[in-house]
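[1] With the sequence up front, the predicted model follows.
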Amino acid sequence: MQLNLPGFDIKIGGTKARPTVFDILRRKYVALTPEEWVRQHFVHYLIETKGYPATLLANEVKLSIGAKVLRADSVLYTTALTPRMIIEYKAPHIKISQHTFDQIFAYNLLLRAQYLVISNGLHHYCCKYDESLQKYLFLEEIPNYENL
């Protein structure tokens, strides 16, 4: 499926019935779902186009709220290894809604990241927490790493 993201050298594996894609952050092949297709394109975009260090990015970050275990799709960390950005992906056919924003805000109650990003591969949203205003402000585009 064509996305609103640059292409990259995709490594596909598995079988026709169960295709996989190589995840450079997890260093293994994972099931190729529509959401994973978006994640892999977006991670490569952040690294290759926006200058984000792969060493500070992680996929499928486990979060615990009481007995409930959640997973943030991707997290960018600072060099001190505190969360700086949470990224939530949806499949291209999934419309980004208030529910999607509620989901990432819930993750951020635990992680307290300054930036939140949501993408379905076609539409991308980025917001930054403004400490003085005590609210999130939407940015025109996803910042380059050096501008975070």
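    Happy to help now that I have it. Residues are numbered from 1 along each chain as shown.

[2] So which residue is dead centre in the protein?
    By Cα atoms, centre = their mean, the chain has its centre lying nearest to Ile87, at 2.9 Å.

[3] immediately after the helix or strand containing it, which helix or strand?
    With secondary structure defined by DSSP states H and E, Ile87 is part of strand 83-89. Under the assignment DSSP H and E, the closest C-terminal helix or strand after strand 83-89 is helix 98-111.

[4] who's in contact with that following helix?
    Residues from elsewhere that reach helix 98-111, judged by Cβ atoms under 8 Å, 6 or more residues apart in numbering: Leu63, Ile65, Leu70, Ala72, Val75, Pro83, Ile86, Glu88, Lys90, Leu116, Ile118. All C-beta spots, glycine's among them, are computed from the backbone N, C-alpha and C.

[5] Make sure Ala72 is indeed in a strand.
    Yes. Assessed by DSSP: H, G, I helix; E, B strand; the rest coil, Ala72 belongs to a strand.

[6] Next, count neighbours for the residue lying closest to it once chain neighbours are set aside.
    Once flanking residues are discounted, Ala72 sits nearest to Val61: 4.4 Å by Cβ to Cβ, 6 or more residues apart in numbering. Around Val61 there are 18 other residues, counting by other Cβ atoms under 10 Å.

[7] where does Ala9 land in three-state SS?
    I think there's a mix-up here, since residue 9 is Asp and not Ala. Quick answer, by three-state DSSP: Asp9 is coil.

[8] State the pLDDT value of it.
    Looking at Asp9, its pLDDT is 93.

[9] Against Leu3, how distant is it?
    15 Å (Cβ to Cβ, to the nearest Å).
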